[in-house]
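Coordinates for the following, if possible.
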Amino acid sequence: MTHTFHIPVLGLAFSVDTPLKVAQYGISSVMSIVDDELVERLRAYYSKQHNLPYKEIEKYSPDARANRISAYLNMVKDLVDKQIRHIKRANWLKDDHAIQYFRLLPEGGLKQLFNTWLTLTPSPEKESLTEIIKEQITAGDIDVNIMSKVDKINHAKNGEMLPEQFSDASAALRGFANSNLRSSVVLSAGMNPRLYSYLAEFPAFMPNSAGTFDKKITLKVSDYRSALIQAKFLAKKGIWISEYRIESGLNCGGHAFATEGFLLGPILEEFKTNKLNMIQEVLPLYQQALAEKGIIFNDTPLLKITVQGGVGTNREHQFLMNHYGVDQVGWGSPFLLVPEATTVDEETLQNLASADASDFYISEASPLGVPFNNFRKSTAEINRLQRIEQGKPGFPCTKKYLVSSNVCGEELICTASRQYQNLKIKELKAQDLPQPEYQQAFDKIVEKQCLCEGLAAPAYLKYDILKPRERKAVAICPGPNTAYFKKVYSLKEMVDHIYGRINVLKNVERPSLFVNELELYVKHLATYINNNVADLDNKKKKYINKFNAQLLEGIAYYRGLQEQVQQAFGESKANFLEQLNRYELQLKPLVVE
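Residues are numbered from 1 along each chain as shown. Below is the predicted model:
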């Protein structure tokens with residue numbers, strides 16, 4: 001790997017073309033392929049920008065979703081390959097892209113070779129070193145993300161239901177599998193047995209003659225147990241997970257999949273301790289499944305452990321790399337403030353740069369029914385409140401990626417749609433509840449936000465490709481860590497910050513990522529108890545007490561790290577201990593008999 005960090009998937013549009021901006025500098029990133037309309041329109045946009053031939057893949061053409069995704073991914077790969085060829089052939093002392101490539105590199109390795117090259121006069125030795133450096137100039141990974149459970153069954157233009165392989169997630173997977181990319185699909189948002197079984201139908205995910213993979217699987221997880229369950233399920237299908245991407249349950253952007261009180265530090269410790277055991281448990285299942293397919297594979301495939309969620313300083317980055325031995329660290333939300341890396345419209349960009357901590361919050365805005373990191377200054381949130389004030393709650397539902405409710409009959413509808421919210425409000429009024437109870441129930445109904453349009457809008461606005469009558473309101477889902485980054489940054493500034501060459505958070509008061517996450521979990525538990533206090537059955541009581549106990553175990557684990565805290569995070573042991581004690585005290589009343 002050229003760099004020790006990657007840029008995770010950021011909503012629908014925010015990182016959908018990030019590889020075109022940063023892969024040429026060896027930086028790996030992840031694109032969402034949930035929205036085939038978005039990628040098709042970006043293919044048209046970039047084809048025009050680069051004078052490439054373009055023929056539209058119409059919505060209802062055969063296998064349109066998969067074909068749109070394949071065509072976009074192929075275009076991205078071709079353009080990145082062209083960028084890399086340019087850098088290899090360029091004058092490294094004068095070309096802007098080549099200069100940027102070498103400036104951004106971490107110390108040592110290729111950068112050290114280049115610095116040696118700079119000291120040499122023209123000679124056979126310098127020519128030889130030039131060829132060595134050219135070999136090591138490689139693009140960052142162009143990975144894609146599929147939310148496993150965003151997987152509605154689709155219909156033909158005449159309304160006829162299509163077979164399962166044309167469902168949203170399956171078609172997206174097929175689009176990636178049929179593309180020319182040699183990279184990974186990042187599976188997130190939980191286990192989907194249908195999709196996981198479909199993976200085994202693609203030869204691209206099987207080992208090639210060299211014992212490596214043309215297409216790899218990265219599994220985004222938030223605890224060791226679920227990772228092992230999914231690994232065994234896939235291994236029995238002949239699918240190897242090449243990377244476990246551990247993400248904080250709450251200290252991250254996008255949807256927040258809270259664990260049952262498992263904190264990031266103990267989770268990383270468990271992966272570190274059990275990595276070899278995991279391989280020993282999963283590998284025989286995998287080899288047996290391959291043998292049944294007629295594939296003899298006696299090697300042990302590579303397995304990477306990476307982590308992301310709330311990292312904000314070089315010291316934290318290095319601690320995760322050194323103490324837990326992770327292969328790479330994800331830096332997500334801070335890159336929303338880097339226009340050279342992500343796609344954020346100007347108004348949202350400035351709103352992010354001027355925000356404070358209170359503007360970032362966990363909401364129930366997602367139609368998926370999963371907690372969602374929201375931003376109070378987003379134009380989508382402002383628009384939602386305006387619609388309620390005007391007596392028009394809910395949104396027209398056009399893309400239908402997040403449909404989940406069948407309250408209106410057999411056809412699923414989205415809980416953020418006008419149709420759904422009008423129906424539920426009508427039912428609510430019929431109950432004739434006291435005003436406080438009515439308002440609470442009403443607010444819960446109308447809190448849902450249209451994410452399909454809102455998360456795609458920034459690309460349409462940024463590139464001026466918004467169609468008539470399309471909504472301009474932008475939804476964005478930054479993690480709470482974004483609050484500490486106070487301006488718009490250049491790519492070089494952010495990368496230099498990650499590697500400790502500069503500190504963009506100088507004089508900013510910020511607890512460590514472990515303490516930040518602990519605070520989020522304590523608040524989450526208190527909110528859960530408050531929301532369920534009127535109906536605490538034994539199942540909920542058991543959940544609360546287990547959650548509480550896990551947090552206390554996590555605090556005890558962090559106390560054991562005190563000796564390394566000052567060096568790792570730059571805060572005193574006394575201050576770290578005081579913060580742990582404070583949250584431990586807050587947990588004491590959060591138990592039930």
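
Now do the helices in the stretch 301-450 of the chain.
Applying DSSP state H, counting those that start in this stretch to the stretch 301-450 of the chain gives helices spanning 314-323, 346-353, 379-389, 418-430, 435-446.

Now mean pLDDT, distance to residue 513 and mean neighbour count too, for those, in JSON lines please.
Heads up, the C-betas are built off the backbone N, CA and C, glycines and all. JSON lines is the format used below for those (pLDDT from 0 to 100; distance: least, C-beta to C-beta, whole Å; neighbours: other C-beta atoms under 10 Å):
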{"stretch": "helix 314-323", "mean pLDDT": "95", "distance to residue 513": "5", "mean neighbour count": "18"}
{"stretch": "helix 346-353", "mean pLDDT": "97", "distance to residue 513": "19", "mean neighbour count": "18"}
{"stretch": "helix 379-389", "mean pLDDT": "95", "distance to residue 513": "26", "mean neighbour count": "17"}
{"stretch": "helix 418-430", "mean pLDDT": "93", "distance to residue 513": "37", "mean neighbour count": "16"}
{"stretch": "helix 435-446", "mean pLDDT": "94", "distance to residue 513": "31", "mean neighbour count": "13"}
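
Quick one: closest of those to residue 509.
helix 314-323 (15.3 Å; C-beta to C-beta).

now for the closest one, which elements pack on it?
strand 328-330, helix 491-498, helix 562-569 (3 or more C-beta pairs under 8 Å, 6 or more residues apart in numbering; DSSP states H and E).

Dump these into JSON lines; add mean pLDDT as well.
Formatted as JSON lines, the helices and strands packed on helix 314-323 follow (pLDDT from 0 to 100):
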{"stretch": "strand 328-330", "mean pLDDT": "98"}
{"stretch": "helix 491-498", "mean pLDDT": "98"}
{"stretch": "helix 562-569", "mean pLDDT": "72"}
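
Return the most buried member of those.
Neighbour counts (mean count of other C-beta atoms under 10 Å) averaged over each of the helices and strands packed on helix 314-323 peak at strand 328-330, with a mean of 23.

number of nearby residues for residue 55?
Applying other C-beta atoms under 10 Å, we find 8 residues neighbouring residue 55.

Doesn't it lie inside a helix?
No: with DSSP: H, G, I helix; E, B strand; the rest coil as the criterion, residue 55 is located in coil rather than a helix.

Distance check, it against residue 33.
Separation of residue 55 from residue 33 (C-beta to C-beta, to the nearest Å) stands at 20 Å.

likewise residue 271?
27 Å.

between the two, who's got more neighbours?
Set side by side, residue 271 and residue 33 show more neighbours around residue 33, with 31 against 21, by other C-beta under 10 Å.

Which stretches in the stretch 101-250 of the chain count as strands?
Along the stretch 101-250 of the chain, counting by DSSP state E, counting those that start in this stretch, strands occupy 142-147, 184-188, 216-221, 241-247.

Relative to the longest one, what are the paired strands and their orientations?
Meaning strand 241-247. strand 216-221 (parallel), strand 304-308 (parallel) (DSSP bridges).

same question, the first one
Applying DSSP bridges to the sheet, strand 142-147 is found paired with strand 28-32 (parallel), strand 184-188 (parallel).

Show me what counts as buried in the helix or strand following the first one.
What that stands for is strand 28-32. Going down the chain from strand 28-32, the next helix or strand is helix 36-49, by DSSP states H and E. By 16 or more other C-beta atoms under 10 Å, the buried positions in helix 36-49 come out as 36, 37, 38, 39, 40, 41, 42, 43, 44, 45, 46, 47.

what does stretch 93-102 give?
Across stretch 93-102, burial judged by 16+ other C-beta under 10 Å covers 98, 100, 101, 102.

can you redo the strands paired with strand 241-247 as CSV with mean pLDDT, mean neighbour count and distance to residue 284?
CSV is the format used below for the strands paired with strand 241-247 (pLDDT from 0 to 100; neighbours: other C-beta atoms under 10 Å; distance: least, C-beta to C-beta, whole Å):
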stretch, mean pLDDT, mean neighbour count, distance to residue 284
strand 216-221, 96, 23, 18
strand 304-308, 97, 22, 21
